[in-house]
Structures are given as structure tokens and as C-alpha cells.
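Novice: After the sequence you'll find the predicted model.
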Amino acid sequence: MELLGKVGRRPIHYLAVRNKRDWKHSLPKGEWVVFTIANKGDEELVHPVAKACLDHKVGAICSAGEIAHWTEQAFDEEIVWRNLDAQEEMPVTTASNNFDEEFWMATREMGVNQISPLLLCIDTTRKKVRKYLQELILKINEGWLPSEDKTRIPKYDGEN
């Protein structure tokens, strides 16, 4: 897990999970917020990520990427299965095809008063978006607001 920066008091961490066996050991303990990035071809990683995040008491889930809504559904299904008999509070899930807007919401809106400020970005993609997330953190700290476009894709590491 790598610290990318902060938005206000919220530390933003990054974890690329593809091809890393021990990524689950890097997840925070206690309540936290996750921002997942998954594209077509990453489906096999989504359910293990959802299960591990919920095992580690994630409090809010924001999903972006090409399969953002499918990822949100995977989290929702796992939440429902875990809470059929339990009366625990369920995490909030959101998803958007506008990558920038979903990340902004994860950094500024999700769980600010309810849970710890830690935000972990879990990247399941082959291309990686670490550098783009760092750019967004700088822009958000300067007061930038995302566009209201329905679809906005990130710039992947290595792209100009």
C-alpha cells in the first residue's frame, strides 16, 4: 500500500492487486473507504476484492472503471449474503462511469463523519491509474470540481 497524498485530512493510499498474492494483508483494519478501479478483463478479481474489503470492515465503497456498476453489484451481493441473519450496518456503495466524479466523491463525500478518513484505491487493472490519481488529488486540493459528463475515463500510466 502506497500513500499517494491527502485531500484535506483524508490520506489517499493506492494498492495494485493484479499479480500480487499477499495484497489482502495490506488492507486496513477497522472502518475505511475503498475506491475500486476495474475494467473488462478484471472480473476475476472483483469478487475476491469485495470479500476481502468486507472482511476488513470497509465502511463505504466507490467503484469506477469500465465495469463500475458490475463491481458495485458484486459488493452489494456480498453485503446482502453477509447480512441476511445479522443486523449490522451495511456499507454504502456507489458506482459511476465518470471516473473523476466518483474519485472526487470518494475523497470528499463518502463517510467523512461516520468513519475514519482513510481512503484506499484498489486497482485491479493491467494498465494502472496511480499517476492519474495523484493528478486528481492535486486538482481536488486546489478546489477543482469534476465535470458532469456521463462518461469520463482516466488517463492510464504510460499514456500521454
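Specialist: Right, received. Where do you want to start?

Novice: Look at the nearest residue to residue 97 once chain neighbours are set aside and say how many residues are nearby.
Specialist: Of all residues not flanking residue 97 in the chain, residue 151 sits nearest, at 4.5 Å (C-beta to C-beta, 6 or more residues apart in numbering). Just so you know, the C-beta spots here come from the backbone N, C-alpha and C atoms, and that holds for glycine as well. By other C-beta atoms under 10 Å, the residues close to residue 151 number 9.

Novice: for residue 151, phi and psi?
Specialist: In terms of degrees, to the nearest 10, the main-chain angles of residue 151 are phi -130, psi 130.

Novice: Which strand residues bridge the most centrally placed residue in the chain?
Specialist: Closest to where the C-alpha atoms of the chain average out (C-alpha atoms, centre = their mean) is residue 35, at 0.9 Å. Beta-bridge pairing for residue 35 (DSSP bridges): residue 62, residue 121.

Novice: Hmm, it is touching residue 65, no?
Specialist: No: contact criterion C-beta atoms under 8 Å: residue 35 and residue 65 do not qualify, at 10.1 Å.

Novice: for this structure, longest helix please?
Specialist: helix 68-83 (DSSP state H).

Novice: So residue 151 versus residue 133, what's the distance?
Specialist: According to C-beta to C-beta, to the nearest Å, residue 151 stands 18 Å off from residue 133.

Novice: Count the residues that sit near the nearest residue in space to residue 41 that is not next to it in sequence.
Specialist: Residue nearest to residue 41 in three dimensions, not counting chain neighbours: residue 126, with 7.1 Å by C-beta to C-beta, 6+ apart. Using other C-beta under 10 Å, residue 126 has 12 other residues around it.

Novice: Residue 107 too?
Specialist: 26.

Novice: where exactly do the helices run in the chain?
Specialist: 43-55, 68-83, 99-108, 130-141.
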